[in-house]
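S.K.: mind looking at a prediction? Sequence and model below.
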Amino acid sequence: MSSDATEIFARLKSAAFHELVTSSMAGEQDAVATLFTWIRPAIVRYCRSRIGRSGSAYSSADDVAQEICMAVLGALARYGDEPESFLPFVYGIAAHKVADHYRRAGRDRSDPAADVPDGVDGGASPEQLIMAADLRDRLDGLLATLPPRQREILVLRLVVGLSAQETATAVGLTPTAVRVTQHRALAKLRGALKPAEWV
């Protein structure tokens, strides 16, 4: 996990975040705005890891992330659980919205073109971009070999950074079942790798 992601998820597990959730539940508009500023990067990361790119853009994933934010905003007034359970609640909504996206995509027979990038990425060389795209494609291919439940748990645990308890709340399992499922998924991925692919 990158240092930015580590920082994002450390903030979302802090006491300050839980206080922000409490204030947002009370209807404080400044708290609600700050809450969404804090959770949006995690939601976008989750959607991008689950949906991926269309061509060179994450437009579909970013659209679903926006839908999730709107759904969470609508559900905030009805949320009555502990502030510590808010993040798994958000990921529960996110899982449903991603599933809705795939259902819609299954019915959509159009063939959209990739979005034109906003500008030139001067930070990475062409070789680095190709290697990153190749690695991303290999990881996507490996994750696609897993059943949906295993894939969801791996994304929540390893990409999003949720604990076993938080993941269990989001997917409706016990923490032990989450750990067992994660172990089985990782074992299956290890078995799918050729010896030359081990890092």
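M.R.: Yes, it's here.
S.K.: surely D81 is within a helix?
M.R.: No: counting by DSSP: H, G, I helix; E, B strand; the rest coil, D81 is not part of a helix but coil.
S.K.: would you confirm that it contacts L87?
M.R.: No: the pair D81 / L87 is not scored as a contact, 11.0 Å apart, by CB atoms under 8 Å. All C-beta spots, glycine's among them, are computed from the backbone N, C-alpha and C.
S.K.: of these two, who's got more company?
M.R.: Neighbour totals were compared for D81 and L87, and L87 leads with 23 against 12 (other CB atoms under 10 Å).
S.K.: which residues does that one contact?
M.R.: Listed by CB atoms under 8 Å, 6 or more residues apart in numbering, the contact set of L87 reads 12-13, 39, 42, 162, 166.
S.K.: distance-wise, check it relative to E166.
M.R.: Relative to E166, L87 is positioned 6 Å away (CB to CB, to the nearest Å).
S.K.: please apply the same query to P175.
M.R.: Look at P175 and E166: by CB to CB, they are 9 Å apart.
S.K.: next, count neighbours for L158.
M.R.: L158 - counted by other CB under 10 Å - has 14 other residues nearby.
S.K.: which of the three states applies to it?
M.R.: helix.
S.K.: what helix or strand is the residue positioned nearest the centre of the chain on?
M.R.: The residue lying closest to the centre of the chain (CA atoms, centre = their mean) is Y46, at 1.1 Å. Here Y46, judged by DSSP states H and E, is contained in helix 29-51.
S.K.: excluding sequence neighbours, find me the nearest residue to I51.
M.R.: Spatial nearest neighbour of I51, chain neighbours left out: A61 (4.0 Å); criterion: CB to CB, 6 or more residues apart in numbering.
S.K.: and what of T181?
M.R.: Spatial nearest neighbour of T181, excluding adjacent residues (CB to CB, 6+ apart): I153 at 5.0 Å.
S.K.: list phi and psi for that neighbour.
M.R.: phi -70, psi -40 (degrees, to the nearest 10).
S.K.: go ahead and confirm it touches R184.
M.R.: No: using CB under 8 Å, I153 is not in contact with R184; the gap is 9.5 Å.
S.K.: who has more neighbours, these two?
M.R.: The neighbour comparison of I153 against R184 (other CB under 10 Å) goes to I153, with 27 against 14.
S.K.: cool, thanks, signing off.
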